[in-house]
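Participant: Dropping a prediction and its sequence here:
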Amino acid sequence: MPVVLSTASLPAADRGERWHHAVSRTFVPLDVQLLEDAPSPGRIVTEKLGSLRVAQVQAGPQVVTRSGRLVRDGNRFLILTLQQRGSALKEQDGRQALIEPGDFSLSDSSRLFRKRVQSRFCFTSFHFPREDLHVRDEDLRALTATAFSGRDGGAALVATYFARLAREAGSFDALVGRQFAATALDLLALLINERRGRFAPQAPETAAATLVRVKDHILRHLCDPELSPPGIAAAHFMSVRYLHKLFQLEGATVGEWIRAQRLERCRQDLLRAAALGQGVATVARRWGFVSPSHFSRAFRAAYGVTPREWQTHGLSGTGQKHR
């Protein structure tokens, strides 16, 4: 269940102290200076995913500082922040960076840092123990208070994955949440290692993060009937053999994973298609199945009913659950 901390119900004069407490409780002990004479309401909604604490934060202009006095508490956490509205000026390790909407950045609680926001803002943050991110200290220190653009390259994939994770956090059970959180940190470690010239294809965290990238590519090309292991491998500058090794981490082949994703999308679309008067073959082609008979056999093997039976039973409200 999400935890909601809000100052909206308080008089403006009482919001500062409550907000200071909410921020320090959510992240690490911090000094907070609100920059408005009558502070705007602030709101923090948190979820837990494995070792990740995901927080949606909205508030007014302020300065947040992790001072030397607070650093001495000995706790070491990292905070990844996805900026959604407003710009933040962040300082740590001798650097200063302007973090604008669409960017993300990292902060390390074991050292002094400062963030200043001049207007109302909204961001999503991910707070986790330092030991859960498998990168060298020197590499992490080189990239704190750095603006990672969420619009292109590897940083865009990291930003997209973390953003989706935040949106879906409430729908995961504990085990699935831990797995997705671990994959998110693997992706972040891969990005840091790439930026620092330490890309190691055989490292476990690299393999897991690469698998996420490959899956994202597959999902964006599911409707292409020509989608195949050689094409997927070429798009990621890897051998077909290495591609198959990545999927062995999950006990599946590339083809099995593609087929399962296509079948699930067909299953969802078949009910809508029936309501619109569209046939089974139309749905199958939409998701890359060239042969209607092959699609029908694969669907029955996966769900225990034919596509047409699924349409009929689903529309009548007596659809069978898929296996």
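Facilitator: It's in. None of these values were measured; they are calculated from a predicted model. Residues are numbered from 1 along each chain as shown.
Participant: Which parts of the stretch 51-200 of the chain are helices?
Facilitator: Using DSSP state H, counting those that start in this stretch, the helices found in the stretch 51-200 of the chain span residues 68-71, 137-141, 153-168, 174-195.
Participant: what mean pLDDT would you report for the second one?
Facilitator: Regarding helix 137-141, the rounded mean pLDDT is 94.
Participant: what do you get for the last one?
Facilitator: What helix 174-195 shows for mean pLDDT is 86.
Participant: Tell me what angle the following helix or strand past that helix forms with helix 153-168.
Facilitator: Counting by DSSP states H and E, the next helix or strand C-terminal to helix 174-195 is helix 204-220. Between the axes of helix 204-220 and helix 153-168, defined by axes from the mean of the first three to the mean of the last three C-alpha atoms, to 10 degrees, the angle is 80 degrees.
Participant: how distant is the helix or strand that helix 204-220 is followed by from the center of its chain?
Facilitator: Downstream of helix 204-220, the first helix or strand assigned by DSSP H and E is helix 229-235. Centroid separation for helix 229-235 versus its chain: 24 Å, with C-alpha atoms, centre = their mean, to the nearest Å.
Participant: Please apply the same query to stretch 25-39.
Facilitator: Centroid separation for stretch 25-39 versus its chain: 26 Å, with C-alpha atoms, centre = their mean.
Participant: Contacts for it, please.
Facilitator: Residues outside stretch 25-39 that contact it (C-beta atoms under 8 Å, 6 or more residues apart in numbering): 5, 7, 12-13, 15-16, 19-20, 23-24, 44, 46, 53, 55, 57, 60-67, 70, 73, 75, 77, 79, 109, 118, 125, 127. Just so you know, the C-beta spots here come from the backbone N, C-alpha and C atoms, and that holds for glycine as well.
Participant: Could you give me the buried positions within that stretch?
Facilitator: Buried residues in stretch 25-39, counting neighbours by 16 or more other C-beta atoms under 10 Å, are found at 26-30, 32, 34, 39.
Participant: same question, stretch 167-182
Facilitator: Under the neighbour-count criterion of 16+ other C-beta under 10 Å, stretch 167-182 has 169, 172, 177-178, 180-182 buried.
Participant: His236: which of the buried residues of stretch 25-39 is nearest?
Facilitator: Taking C-beta to C-beta as the measure, His236 sits nearest to Phe27 out of the buried residues of stretch 25-39, at 35.5 Å.
Participant: ok so, going back, now the helices of the stretch 51-200 of the chain as TSV including distance to Glu256?
Facilitator: Output for the helices of the stretch 51-200 of the chain, formatted as TSV (distance: least, C-beta to C-beta, whole Å):
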stretch	distance to Glu256
helix 68-71	49
helix 137-141	36
helix 153-168	23
helix 174-195	19
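Participant: so of those helices, which one's packed in deepest?
Facilitator: Looking across these with neighbours counted as mean count of other C-beta atoms under 10 Å, the highest average goes to helix 174-195: a mean of 19.
Participant: And for it, what's in contact with it?
Facilitator: With C-beta under 8 Å, 6+ apart as the test, helix 174-195 has contacts from 48-52, 80, 126, 128, 132-135, 139-140, 143, 148, 154-155, 157-158, 161-162, 165, 169, 172, 199-200, 203-206, 208-210, 212-213.
Participant: which stretches of the stretch 201-323 of the chain form helices?
Facilitator: Secondary structure of the stretch 201-323 of the chain (DSSP H, counting those that start in this stretch): helices at 204-220, 229-235, 240-248, 254-275, 280-286, 292-303, 307-316.
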